[in-house]
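K.L.:
Okay, sequence plus prediction incoming.
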Amino acid sequence: MSEWNARVVEWYAAKYGEYPTNRLAADAIDVTPDAVVVDVGCGTGSALRRLASRVPNGRLIGVDPTARMLEIARERSVNDPNGHRIEFREGPAERLPVDDACADLVLAFDSIDHWKDRRAGLLEVRRVLRPDGRVAVVKDGGLPGDSELRRGLYSQLEGAGLRVVSEHRLTEDEISCTLWVIEPA
Ligand SMILES: C[S@@+](CC[C@H](N)C(=O)[O-])C[C@H]1O[C@@H](n2cnc3c(N)ncnc32)[C@H](O)[C@@H]1O
């Protein structure tokens with residue numbers, strides 16, 4: 001999606017805003033009750049709403065550069081029991097509005113392909129990550145085994161000082177995604 005204009009945002013939020021991969025991946029991730037979680041390209045906020053009950057003493061920060069998407073995220077969080085605990089901030093992956101070394105967990109669910117500059121975004125993810133923090137990257141459908149796309153992702157992660165520690169294929173009915181758990185190298 002090259003441009004997240006108002007029409008595209010309304011379409012995306014209605015069709016994919018609560019897409020099951022958010023739930024599948026959020027449930028598969030280890031998180032501590034006091035974690036600081038930053039969701040980069042958070043969309044409508046569904047992954048954070050799903051994680052929130054497992055992070056009762058932590059912080060939940062959703063970041064997205066698309067103002068209308070954040071409005072929808074805030075609207076959907078109003079009626080969620082934990083929604084008031086989620087803080088939404090406007091900004092792109094390439095300039096995260098988040099302090100250095102504060103995040104225990106950074107999420108990038110179906111988001112990195114939409115960043116304008118993936119190298120810059122991954123360097124920002126590394127900047128905000130605590131030394132013992134983790135990143136969870138999710139791609140709907142995943143990536144072919146030995147492919148240019150996969151090699152490109154791994155090499156960009158390495159360039160940002162990050163490394164994949166595990167890869168998980170998650171499926172439910174016809175839906176599938178791949179979750180990569182990533183740590184500082
Ligand atoms: C396919 S949606 C995924 C949203 C959500 N993570 C989910 O899985 O439902 C991609 C999101 O990336 C956001 N986005 C676009 N450009 C971005 C950038 N440069 N940095 C971070 N997010 C970006 C869009 O606004 C959109 O919310």
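P.N.:
Done, it's in. Numbers count the residues shown, from 1 in each chain.
K.L.:
Every contact and neighbour count from this point should use C-alpha atoms.
P.N.:
OK.
K.L.:
Model confidence score at Val78, please.
P.N.:
Here, the pLDDT recorded for Val78 equals 97.
K.L.:
Test of understanding: give the bridge partners of the spatially most central residue of the chain.
P.N.:
Centroid check for the chain by C-alpha atoms, centre = their mean gives Ala108 as the closest residue, at 2.4 Å. In this entry, Ala108 is beta-bridged to Val137, by DSSP bridges.
K.L.:
for it, what are its contacts?
P.N.:
When contacts are counted by C-alpha atoms under 8 Å, 6 or more residues apart in numbering, Ala108 touches 39-42, 135-138.
K.L.:
How about Thr178?
P.N.:
Neighbours of Thr178 in contact, by C-alpha under 8 Å, 6+ apart: 138-143, 167-170.
K.L.:
how near is it to Leu70?
P.N.:
25 Å (C-alpha to C-alpha, to the nearest Å).
K.L.:
What ranges does the chain have for its strands?
P.N.:
For the chain, applying DSSP state E gives strands covering 36-40, 59-64, 86-90, 103-109, 129-140, 162-172, 175-184.
K.L.:
Could you point out which of those strands sits nearest Leu122?
P.N.:
strand 162-172 (8.4 Å; C-alpha to C-alpha).
K.L.:
Report the angle between that closest one and strand 175-184.
P.N.:
Per axes from the mean of the first three to the mean of the last three C-alpha atoms, to 10 degrees, the angle that strand 162-172 makes with strand 175-184 is 160 degrees.
K.L.:
what angle do strand 162-172 and strand 129-140 make?
P.N.:
Using the same axes, to 10 degrees, strand 162-172 lies at 40 degrees relative to strand 129-140.
K.L.:
Grab the nearest non-local neighbour of Thr21.
P.N.:
The shortest distance from Thr21 to any non-neighbouring residue, by C-alpha to C-alpha, 6 or more residues apart in numbering, is to Cys177 (6.4 Å).
K.L.:
which residues does the one you found contact?
P.N.:
Cys177 sits next to 21, 138-142, 169-171 when contact means C-alpha under 8 Å, 6+ apart.
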